[in-house]
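Asker: for reference, the sequence and a predicted model appear below.
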Amino acid sequence: MILPVRFVAALALALTAPLPAQTNNPFPDPIARSTFVVDVVDFATIPTNVAGTPRISVLTVAPDGRIFANDQKGPLYLISADGSAVTLYLDLRSVQGVALQANSEQGFQSFAFHPQFLTVGTPGFGKFYTAHTSSNLVPAPDYAAGQGGDAGDHVVLEWTTSDPAASTFVAADPAAPFREVLRISGPFGNHTMGLIAFNSTALPGSPEYGKLYVAMGDGGSGGDPFDLAGNPANPYGAILRIDPLGTNGSRGRYGIPADNPFVGGNSGALGEVFAYGLRNPQRFSWDSSNSRMFIADIGQGAIEEVNVGLPGANYGWNDREGSFEFLGGGVGTNLRSDTATTGFTYPIAEYDHSEGNAVAVGPVERSGRIPQLQGKLLFSDFPRGRLFYLDADTLPTGGPSGITELRLRYQGEERSFQAIVNTINPDATRTDLRFGTDNLGRIFLLNKQDGVIRVVGSAENPTDPPVEPPSVPTDPPTVRVDGPKRQTTTRPRVALRGIASAGTVRIEARNTRARADFRSIRGTDSWTYRARLRPGRNVLLVRAVDADGRTSIVSRSVVIRR
């Protein structure tokens, strides 16, 4: 067959045309470093067990302010307020039916307490949630990629305890300590399910209250070979938003909130999807001052990015890596000006792989504990252990220009976080640095190499002498109610009396039969709560509050008015 001359010429031109320019270093200027240093102080040490050095993944608090942290290998620990006591709360490895698969990126990834965990009589009482990779591929997943294999299922479980105040997990039903909420198959072993979390800024009664966010990777391998992330008809490469207590989701095991961005549309998108077009969004957080969401997305060949989390947003992967055209081994042209035609949402900040190669977002500092960081969003390049920040009140508009690297001081000497980890584990070549926070506004630094949780202390000029570690907080307040915890009466009112621990600044009480929330009552060390009773069963709740806003375990009394 003889080809037309014009076709031969066009083919020759195509074969000789240069490939698009590709780079792994589109930002040649280095990131600036802070003019101040912050002190880093050891807080708690997670026990080393037969599985070796703990891989500390998440630190968060229960609604009463108690601190919990998990080891990716399976244990969940309760940590005292001063870090001196670490108690095993639950170990996923020892629970029949969990089938934890913990290798490389897989394992016990995250956990979250329902905001009603301590509220007696509510659907979320005693409930918390875990995310892990399971080698047990039964039952069938709620969602599968439809291509590739199954390197392990990513599973969200709901656990219910009969005693939320206990220092170890006490199953409400020992025969069935957990309920499976969501199961998604992993076609490859990387880019797994990451953080699960409730928005801590949501108020009771708001549509956001009690909604669980789930970070889901693009399915793994490299380059998103099945083009999953850009398709909201599947859960991969997305942030999901579900109601774990609802029933209108897959197989009736969770709910799909009515205000999710793709509910009721004709696009074919999953109702569970909050945002998509992400490669590996392991970590996200909310700004306590305005509920703005931030999402970190780990790049592939060149770009690490921080995004604002917006409902329905498409962040562009795998057409885009950060603001750039994705070209496989690197990136090409910066295309963020094409939003009007593509609809992609671009990052507020990004850096290239000359600075680091895996990003994790942390909190926005609003506590006032570190004035130099007030209003700053903290994030890290976690393999190298570099800490960065940007202005959360005046957001940058892409690239690294709004990013500053935070300098650290440990034991009186300015050091990198990698060097800090190496003081305990000299053989560690990476850090896996991530963040945690508590109700006091303390910022914790976690890693997977030495088993030590550290807290960020004060900020000082580097020429100043080292400062003393921050003072250790006291335990949360306690409250006691005298008299019977259950009684029957014909009277329209009842008086409860009791005492509270030192440091209590007010006592709060409520009757769950009334619409009003907790209200302050007189007295602290010795108090009286005069409650108006409604006919039937009244549940009277009393709690103590200290100057830092920490609350005691809620005391519960039942009064039946006939």
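Answerer: Perfect, I can see it now. Residues are numbered from 1 along each chain as shown.
Asker: what residue ranges in the stretch 101-250 of the chain score low on pLDDT?
Answerer: Across the stretch 101-250 of the chain, nothing is flagged by pLDDT under 70.
Asker: wait, doesn't residue 296 sit right on residue 282?
Answerer: Yes. Between residue 296 and residue 282 there is a contact at 6.9 Å, judged by C-beta atoms under 8 Å. The way it works is simple: take the backbone N, C-alpha and C, and place the C-beta from them, glycine included.
Asker: helices of the chain, start to end?
Answerer: With helices called from DSSP state H, the chain shows them at 5-16, 339-342, 417-422.
Asker: mean pLDDT for these: which is lowest?
Answerer: Sorting the helices of the chain by mean pLDDT places helix 5-16 lowest, at a mean of 46.
Asker: residues contacting residue 145?
Answerer: Listed by C-beta atoms under 8 Å, 6 or more residues apart in numbering, the contact set of residue 145 reads 185, 187, 219, 226, 228, 234, 236.
Asker: for residue 122, same thing?
Answerer: Contacts of residue 122 (C-beta under 8 Å, 6+ apart): residue 116.
Asker: tell me the spacing between it and residue 208.
Answerer: 16 Å (C-beta to C-beta, to the nearest Å).
Asker: skipping its backbone neighbours, what lies nearest residue 335 in space?
Answerer: Nearest non-adjacent residue to residue 335, counting by C-beta to C-beta, 6 or more residues apart in numbering: residue 325, 5.6 Å away.
Asker: who is that neighbour paired with across the strands?
Answerer: residue 320 (DSSP bridges).
Asker: for residue 333, see how far away it is.
Answerer: Counting by C-beta to C-beta, the gap from residue 325 to residue 333 is 5 Å.
Asker: more neighbours, these two?
Answerer: Per other C-beta atoms under 10 Å, whichever of residue 325 and residue 333 has more neighbours is residue 325, with 18 against 13.
Asker: wait, doesn't the more buried one sit right on residue 318?
Answerer: No. If you go by C-beta under 8 Å, residue 325 and residue 318 don't touch, sitting 10.5 Å apart.
Asker: do you know the pLDDT at residue 511?
Answerer: Residue 511 is given a pLDDT of 88.
Asker: which residues does it contact?
Answerer: 531, 532, 533, 534, 538, 539, 540, 541.
Asker: and for residue 300?
Answerer: 222, 223, 279, 321, 326.
Asker: and if you look at residue 455?
Answerer: 40, 41, 43, 83, 442, 443, 444, 445, 470.
Asker: same question, residue 418
Answerer: With contact set as C-beta under 8 Å, 6+ apart, residue 418 has these partners: 384, 385, 428, 430, 431.
Asker: right, and the first one touches residue 428 too?
Answerer: No. Look at residue 384 against residue 428 with C-beta under 8 Å: they stay out of range, at 11.6 Å.
Asker: sheet-wise, list the partners of whichever strand in the chain runs longest with their directions.
Answerer: Longest strand in the chain by number of residues (criterion: DSSP state E): strand 32-45. Sheet pairing of strand 32-45 (DSSP bridges) gives strand 404-410 (parallel), strand 452-460 (antiparallel).
Asker: could you identify which of these has the lowest mean pLDDT?
Answerer: Here the lowest mean pLDDT among those goes to strand 452-460, at a mean of 82.
Asker: before we move on, back to that, report the buried residues of the longest strand of the chain.
Answerer: 34, 36, 37, 38, 39, 40, 41, 42, 43, 44, 45 (16 or more other C-beta atoms under 10 Å).
Asker: ok, these vs residue 212, which is closest?
Answerer: Comparing the buried residues of strand 32-45 against residue 212 with C-beta to C-beta picks out residue 44 as the nearest, at 26.6 Å.
Asker: I figured the closest one was touching residue 87, is that so?
Answerer: No. Shown here, residue 44 and residue 87 do not form a contact pair, counting by C-beta under 8 Å, at 11.0 Å.
Asker: stretch 430-443: how far from the chain's middle?
Answerer: 11 Å (C-alpha atoms, centre = their mean, to the nearest Å).
Asker: ugh, wrong one, stretch 102-114
Answerer: 11 Å.
Asker: flag every buried residue along that stretch.
Answerer: Per 16+ other C-beta under 10 Å, stretch 102-114 contains these buried residues: 102, 105, 106, 107, 108, 109, 110, 111, 112, 113, 114.
Asker: now for those: which two are most distant?
Answerer: That would be 105 and 114, which, of these, are the farthest apart (C-beta to C-beta) at 26.5 Å.
Asker: show me where the stretch 1-150 of the chain has strands.
Answerer: All strands of the stretch 1-150 of the chain, identified by DSSP state E, counting those that start in this stretch, fall at 32-45, 56-61, 67-71, 75-79, 86-91, 108-113, 127-134.
Asker: of those strands, which approaches residue 303 most closely?
Answerer: The closest of the strands of the stretch 1-150 of the chain to residue 303 is strand 32-45. By C-beta to C-beta, the value is 18.8 Å.
Asker: same question for the closest one, mean pLDDT?
Answerer: So the average pLDDT for strand 32-45 ends up being 96.
Asker: can I get that strand as PDB, trimmed to CA atoms?
Answerer: Coordinates of each C-alpha in strand 32-45 appear next as PDB, following Å, rounded to 0.1, in the frame of the first residue of the first chain:
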ATOM      1  CA  ALA A  32      12.700  30.800  53.100                       C
ATOM      2  CA  ARG A  33      13.300  29.900  56.700                       C
ATOM      3  CA  SER A  34      11.700  31.500  59.700                       C
ATOM      4  CA  THR A  35      13.500  34.300  61.600                       C
ATOM      5  CA  PHE A  36      12.700  32.500  64.900                       C
ATOM      6  CA  VAL A  37      12.900  29.000  66.300                       C
ATOM      7  CA  VAL A  38      10.400  27.000  68.300                       C
ATOM      8  CA  ASP A  39      11.300  24.600  71.000                       C
ATOM      9  CA  VAL A  40      10.400  20.900  70.700                       C
ATOM     10  CA  VAL A  41      10.000  19.000  73.900                       C
ATOM     11  CA  ASP A  42       9.500  15.200  74.500                       C
ATOM     12  CA  PHE A  43       6.000  14.500  75.700                       C
ATOM     13  CA  ALA A  44       5.300  10.700  75.700                       C
ATOM     14  CA  THR A  45       6.900   7.500  74.600                       C
END
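Asker: what's the angle from that strand to strand 56-61?
Answerer: 80 degrees (axes from the mean of the first three to the mean of the last three C-alpha atoms, to 10 degrees).
Asker: all set now, cheers.
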